Structure formats: structure tokens, C-alpha cells
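>>> how does the following fold in three dimensions:
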Amino acid sequence: MGLDMYLIRVPRGTDTSPDTFFDIGEEVAYWRKANEIHKWFVDRVQDGVDDCGIHNEVTMEDISNLHNTCKNIINGVKLIPGKVTTRYRVVDGKWEPEYREGLVVDDVSLCEQILPRQSGFFFGGSEYDEFYMDDIKRTAEICERLIKEIDPNKDALYYSSSW
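Okay, here's the model as predicted:
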């Protein structure tokens, strides 16, 4: 269980009804528990509606904006040594985090301002650490690839999630 996220490419002019969407579409990007990326799509593409549905088209302008946002985080924050949450376990009937030495964002203000984490049922971590930065770097790479590969005259992109 957990937050699974997809970008689906669909040829323009095809039926994109929920009954046929995944039969005709091609998965071009996948994330797992990258809740800050999910929040970005919900806020900017799904008009704030977080219901695992398929909403508006993800334009190439959206992809470019997400890429720029990720690059701003990558270039604007620094990772420093610190404690990283690895998992949670039940201790005396309460959920307690387990930690290991790792890397954390030194000043989270930029992250919180332009690409904040989102908590949710099985949405993954809420800390700003090396795992957050891995999501951001991977998303920047995905955006770069899509900018090169997608012809917006031939294909449309749609965001989908499930948990």
C-alpha cells in the first residue's frame, strides 16, 4: 500500500474516458510516495481535488514549471549530516520513528515555500532529507526527458495517482 503516481501519455484525439484510459495510454513516468510531487500535481493540475481521479491535461508548460521548481530546490538547498527517519514502529502502543545517520536539508524554508511535503494515508515521509532530495532530482530528470520526448501536437499527458 502507498502512494503510487503516474504520468500517462495518450494520443491526441482518442477517447480518454475512465473505462478506456489505461488501455490506450502509455505510462511515461512513475513515482512512489513522492508526496511533494503529488501535492504539486493536485494543486496545479487537479484544481486541488485529491481523489485518485484523472483530471485536466498536464501541459508541457506544467512539465517545464515543475522542472524549474525542482531545479530551484536542487540549486537552493544544502544537505548536511543529521538523523534520517527510516521507518516507524509501535512501541508501547504508540508509533515511534526509527532513525539512522544520514543527510537532512539545512534550511527547509525554500522547500516549504515552493515544493512542500504533504502528509496522507501511506504517503511516505514528511521530512526534508536525502529521500526528499532524491525525489526532487529524479523528478527533474523525468521532466527533462519528457520535454525532449513529448510532442504536444501528437500526445497529451495526464496525471493519475492511487493509494
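>>> the strands in this protein, which residues?
Using DSSP state E, the strands of the chain run over residues 4-11, 26-32, 57-58, 79-91, 94-105, 155-162.
>>> could I get those strands in a markdown table, plus columns for mean pLDDT?
Formatted as a markdown table, those follow (pLDDT from 0 to 100):
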| stretch | mean pLDDT |
| --- | --- |
| strand 4-11 | 93 |
| strand 26-32 | 95 |
| strand 57-58 | 94 |
| strand 79-91 | 92 |
| strand 94-105 | 93 |
| strand 155-162 | 92 |
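>>> compare those strands and give me the one nearest residue 72.
strand 94-105 (13.4 Å; C-beta to C-beta). The C-beta positions use only the backbone N, C-alpha and C, and glycine is treated the same way.
>>> what residues sit buried inside stretch 107-125?
108, 111, 115, 117, 118, 120, 123, 124, 125 (16 or more other C-beta atoms under 10 Å).
>>> what about these, which are in helices?
residue 111 (DSSP state H).
>>> redo the buried residues of stretch 107-125 as JSON lines? Include distance to residue 32 and pLDDT.
Converted to JSON lines, the buried residues of stretch 107-125 look like this (distance: C-beta to C-beta, whole Å; pLDDT from 0 to 100):
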{"residue": "108", "distance to residue 32": "22", "pLDDT": "97"}
{"residue": "111", "distance to residue 32": "19", "pLDDT": "98"}
{"residue": "115", "distance to residue 32": "17", "pLDDT": "97"}
{"residue": "117", "distance to residue 32": "15", "pLDDT": "95"}
{"residue": "118", "distance to residue 32": "15", "pLDDT": "87"}
{"residue": "120", "distance to residue 32": "14", "pLDDT": "67"}
{"residue": "123", "distance to residue 32": "11", "pLDDT": "75"}
{"residue": "124", "distance to residue 32": "8", "pLDDT": "78"}
{"residue": "125", "distance to residue 32": "12", "pLDDT": "83"}
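>>> what's the farthest-apart pair in the buried residues of stretch 107-125?
108 and 120 (18.9 Å).
>>> middle-most residue in the protein, spatially?
Geometric centre of the chain, nearest residue: residue 37, 2.4 Å, by C-alpha atoms, centre = their mean.
>>> with mean neighbour count as extra columns, can I get the strands of the chain in TSV?
Formatted as TSV, the strands of the chain follow (neighbours: other C-beta atoms under 10 Å):
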stretch	mean neighbour count
strand 4-11	18
strand 26-32	14
strand 57-58	20
strand 79-91	12
strand 94-105	13
strand 155-162	19
